[in-house]
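Trainee: missing the sequence, but the structure's below:
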Ligand code: LLP
């Protein structure tokens, strides 16, 4: 049975727009699909940066996933939501001393270390706490993920990770430091990756390095391949759940892991993106010289992706789904020309007050919202509360 999002229009009428609407049924369905597809010897850590809404996080934590965090704030939120400290991994090129100390004190499972300089600082801080820090080296594998340049991370010009060509030095350093325990290696090549080829290439490369390290007596017990699985922004109802099985199988089949080795994933977008929509109303239909503008009450401060990455999100007219179509630029009220959700978008004709759903906004939507132009932060509502029991699947 396919699970598509249903919108409780009656309930929406009473809520002030704009707001995020989360289909918590779809989230549970997605988590069940992910868990069922996960290979043996593997653990998935939800990339908290995608959506840090406490209710969403609690549902994700209850599924048994670990968490991938990039700040002290994310670690605190993950623990609050019920993720176990030992299942938390901590990435990021600029971990502060305060964040490292907090992570050491709560006993996180692994630091994904992004430079030799950071390795030394973790070693010193671990000594002051009287603990040994579990670390993995984040290695930059020089793989082009063929995605937007702002979300590509695995190329040599990117700031992330330790360049693979100097990995040996970093490994030697980690093995020599008294207060760190080298668990393994971490990779993340980018986000919204729509073909499996870059992941296959990553597996082949990792396989070669693992063989070389093994030959030198270095056993990497922890192999973390990051996140990056893309979702279908064009057809959210046709593909509400990504093909986790095909994605995981690439790693299960192409990385011949030894006994005692564990495989770690850090999916973010693929878990939450299709579960969220930004609900907004049309304020004005403005006739320009050559185009019509549907000016809505949500702006780039509520959902930054279109302005920052030229990202396309499907837009649905919830109020008049069967009206004759017309063509609009759908724009927000923020004083920036980049505050555009869609250009030349064909929609069932809208009028002042029409309610629209900007789809696939569950990942990097609410988390990236700001108060620019002194606008309110958007609130969040959940299908668990708004959908009548009979309409839940
Ligand atoms: N692991 C690491 C080390 C990461 O840097 C990221 C995302 C993930 C995992 C999760 O990747 P995902 O499964 O979500 O692709 N704001 C951008 C996306 C930035 C991604 C940053 N890193 C957007 O809205 O497209």
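Mentor: Thanks, I have the structure now. This one's a predicted model, so the numbers in the text were calculated from it and none came from an experiment. Residues are numbered from 1 along each chain as shown.
Trainee: buried ones in the longest helix along the chain?
Mentor: For the chain, the longest helix by residue count, based on DSSP state H, is helix 197-215. Across helix 197-215, burial judged by 16 or more other Cβ atoms under 10 Å covers 198-199, 201-203, 205-206, 209-210, 213. From N, CA and C alone the C-beta is placed, and that goes for glycine too.
Trainee: and which of the residues you listed is nearest residue 342?
Mentor: residue 198 (28.0 Å; Cβ to Cβ).
Trainee: residues from the stretch 1-150 of the chain in reach of the ligand?
Mentor: 47, 50, 68, 91 (Cβ under 6 Å from any ligand atom).
Trainee: show me the contacts for the last one.
Mentor: Read it as residue 91. By Cβ atoms under 8 Å, 6 or more residues apart in numbering, the contact list for residue 91 reads 68-70, 112, 114, 138, 186, 188, 266.
Trainee: go again with 10 Å.
Mentor: 45, 47, 49, 68-71, 74, 110-114, 136, 138, 160-161, 186, 188, 224, 226, 266 (Cβ atoms under 10 Å, 6 or more residues apart in numbering).
Trainee: just the third one next, same as before
Mentor: Residues in contact with residue 68 (Cβ under 10 Å, 6+ apart) are 44-50, 74, 78, 83, 87-91, 110, 112, 186, 188, 224, 226-227, 264-268.
Trainee: among those residues, which are in helices?
Mentor: 74, 78.
Trainee: strand partners (parallel or antiparallel) of the strand or helix carrying residue 293?
Mentor: Using DSSP states H and E, residue 293 maps to strand 292-296. Using DSSP bridges, strand 292-296 pairs in its sheet with strand 276-287 (antiparallel), strand 325-331 (parallel).
Trainee: so residue 243 sits against residue 229, correct?
Mentor: Yes: the criterion here is Cβ atoms under 10 Å, and residue 243 meets it with residue 229 at 8.5 Å.
Trainee: overlap of the contact sets of those two?
Mentor: With Cβ under 10 Å, 6+ apart as the test, residue 243 and residue 229 both reach 196, 270.
Trainee: what about these two, which has more around it?
Mentor: Neighbours were counted for residue 243 and for residue 229 using other Cβ atoms under 10 Å; residue 229 has more, 24 against 14.
Trainee: for that one, give me its contacts.
Mentor: Taking Cβ under 10 Å, 6+ apart as the test, what residue 229 contacts is 34, 191-194, 196, 199, 242-244, 246-248, 265, 267-271.
Trainee: circling back: Throw the strands paired with strand 292-296 into a markdown table and include distance to the ligand, thanks.
Mentor: As requested, those are exported to a markdown table (distance: least, Cβ to the nearest ligand atom, whole Å):
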| stretch | distance to the ligand |
| --- | --- |
| strand 276-287 | 12 |
| strand 325-331 | 18 |
